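Asks: build the 3D model from these lines:
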Amino acid sequence: ESHFTAVCFSSASDIIRTIRDPEKPNTLEELEVVTESCVEVQEIGEDEYLVIIRFTPTVPHCSLATLIGLCLRIKLQRCLPFRHKLEIYISEGTHSTEEDINKQINDKERVAAAMENPNLREIVEQCVTEPD
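Replies: Numbers count the residues shown, from 1 in each chain. Okay, here's the model as predicted:
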């Protein structure tokens with residue numbers, strides 16, 4: 001494992017650590033929706049990395065799981081300082097509709113469509129913007 005892979009890993013961990021929950025004042029890390037062990041980084045080409053995030057919704061029928069996945073994606077796309085592919089999944093067995101949500105948050109067109117919705121975009125921005 002290269003030194004750079006480790007750098008990418010800590011970079012990704014740091015980025016998602018500060019994302020806030022859409023409904024609570026806490027960060028996703030404080031709620032244990034994301035932990036350091038949920039980040040995986042693989043080298044997939046010259047200077048390109050695959051970043052895989054597996055997050056755990058607070059409840060199995062969490063209605064915000066798609067939104068949290070969206071927040072993770074948007075924040076990482078904006079902040080990762082290297083070329084990457086991003087895959088975001090719900091930890092296996094932790095959500096009742098995990099397959100549908102996994103499809104949705106990894107589908108570029110559906111993500112783009114979601115971000116065109118002003119209400120949704122506003123929530124995402126609130127979750128991903130660093131507190132001053």
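Asks: residues contacting the residue most central in space within the chain?
Replies: The centre of the chain sits closest to residue 72, judged by Cα atoms, centre = their mean, with a distance of 2.3 Å. With contact set as Cβ atoms under 8 Å, 6 or more residues apart in numbering, residue 72 has these partners: 16, 19, 28, 34, 53, 55, 88, 105. Every C-beta, even on glycine, is put in place using the N, C-alpha and C of the backbone.
Asks: swap in 7 Å and give it another go.
Replies: 16, 19, 53, 55, 88 (Cβ atoms under 7 Å, 6 or more residues apart in numbering).
Asks: any of these buried? List them.
Replies: Among the contacts of residue 72, those buried by neighbour count (16 or more other Cβ atoms under 10 Å) are 16, 19, 53, 55, 88.
Asks: of the residues you listed, which belong to helices?
Replies: Within these, residues falling in helices by DSSP state H are residue 16.
Asks: now the buried ones among the contacts of residue 72 as JSON lines including pLDDT and distance to residue 124?
Replies: Shown next, in JSON lines, are the buried ones among the contacts of residue 72 (pLDDT from 0 to 100; distance: Cβ to Cβ, whole Å):
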{"residue": "16", "pLDDT": "94", "distance to residue 124": "14"}
{"residue": "19", "pLDDT": "95", "distance to residue 124": "10"}
{"residue": "53", "pLDDT": "96", "distance to residue 124": "16"}
{"residue": "55", "pLDDT": "96", "distance to residue 124": "15"}
{"residue": "88", "pLDDT": "97", "distance to residue 124": "14"}
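Asks: can you pick out the most distant pair from the buried ones among the contacts of residue 72?
Replies: 19 and 88 (11.9 Å; Cβ to Cβ).
Asks: if anything else comes up later, I'll come back, but that's it for now.
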